[in-house]
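A.B. asks: no sequence on this one, just coordinates:
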DNA sequence: TATTGTTATACTCTATAACTATA
DNA sequence: TATAGTTATAGAGTATAACAATA
């Protein structure tokens, strides 16, 4: 069909979508996201918001919905619904808080902990296998680039 | 200051969302996307799908909707609607094709070309200012990493 | 019978707003 | 009066499916 891609960096005043970093970032992020959400769903029965909540709660075991929202950058309604879904699946429990009755302390149930324990190595393995296609300087550059851009957009440090 | 945020590599069996590359990629991509779509909308009156179509058509001036869909990785209905919106704004024209009457040849109108000419330097400037927060090895690493991961996910080459 | 492109419809995702129960 | 969290509702955005015109 149409002869593809390039010889592109040639004209610096031309914009080729396929070389435009914001576009590439977006395209890559959705490919990665699709790839992983497929795994989370079929393998662990979790949607992405549920996955994020499970991981955040599992990481400190005992935190509020508000904390999850801030650290996973999710809207509180999204957190609330994910928590409800996880509760229904008996993976998470909502315990009353002693010092503030409006809050709920989120904790993994035993089966939530089991799922978490199975899920984490799996996710890390996926991450490793993604990054395995990079050599060391590339990997470092990518991570450093991510870090800088995150700072640029003030995404970290919640 | 090269103190990135880790202490996380400490326990390789722990998953911290803020260090998990797929999550970071996603979060960064949506921040960039939000940032740019705000500009496209307020400054040029374009939604992202329209922007992508405009850029793709402008780059070769004369292509079919199918080509746009393949090269910008958009669903054909999304292309169709973006083309309709751009046509309504008189930025694009649909011309009949000589060799296949099902196809339409998409071309920028004079005002579409003017918008394109204003938009491209602007977008490239934004890209440059994003990447300006990286030093040269980081920039190269990031780009190389993107390229490898794109290959991994078979995103290139339309 | 397959393909280009359009439209209608449905679905997913997410946010806004309104609410409750606290503080 | 403000906050934690929930729920109802509405709004994007996008895909599926049905369609018309052509190959």
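C.D. replies: Cool, the structure landed. Note that the structure is predicted; figures quoted are calculated from it, not measured.
A.B. asks: Check residue A:98 and give its pLDDT.
C.D. replies: pLDDT for residue A:98: 89.
A.B. asks: before we move on, what SS does it have?
C.D. replies: coil (DSSP: H, G, I helix; E, B strand; the rest coil).
A.B. asks: Now the residue nearest in space to the middle of chain A: which helix or strand?
C.D. replies: The residue lying closest to the centre of chain A (C-alpha atoms, centre = their mean) is residue A:52, at 6.2 Å. Per DSSP states H and E: residue A:52 is located in helix A:48-60.
A.B. asks: Enumerate the positions of that helix that are buried.
C.D. replies: A:48, A:49, A:50, A:51, A:52, A:53, A:54, A:55, A:56, A:57, A:58, A:59 (16 or more other C-beta atoms under 10 Å in any protein chain shown). Backbone N, C-alpha and C define where each C-beta goes, glycine included.
A.B. asks: Run through these and flag the ones next to DNA strand C.
C.D. replies: Contacts with DNA strand C within the buried residues of helix A:48-60, counted by C-beta under 7 Å from any atom of the strand: A:48, A:49.
A.B. asks: quick one: which of the buried residues of helix A:48-60 is nearest DNA strand C?
C.D. replies: residue A:49 (5.5 Å; C-beta to the nearest atom of the strand).
A.B. asks: still on that earlier bit, so the residue nearest to the centre of chain A sits right up against residue A:83, yeah?
C.D. replies: No - between residue A:52 and residue A:83 there is no contact under C-beta atoms under 8 Å: 11.0 Å.
A.B. asks: Quick check: residue A:140 vs residue A:121, distance?
C.D. replies: Residue A:140 sits 24 Å away from residue A:121, going by C-beta to C-beta, to the nearest Å.
A.B. asks: more neighbours, these two?
C.D. replies: Between residue A:140 and residue A:121, counting by other C-beta atoms under 10 Å in any protein chain shown, residue A:140 is the more crowded of the two (15 against 12).
A.B. asks: Tell me how many other residues surround the closest residue in space to the more buried one that isn't next to it in sequence.
C.D. replies: What sits nearest to residue A:140 in space, not counting adjacent residues and going by C-beta to C-beta, 6 or more residues apart in numbering or on different chains, is residue B:141, at 6.2 Å. Per other C-beta under 10 Å, the neighbour tally for residue B:141 reads 24.
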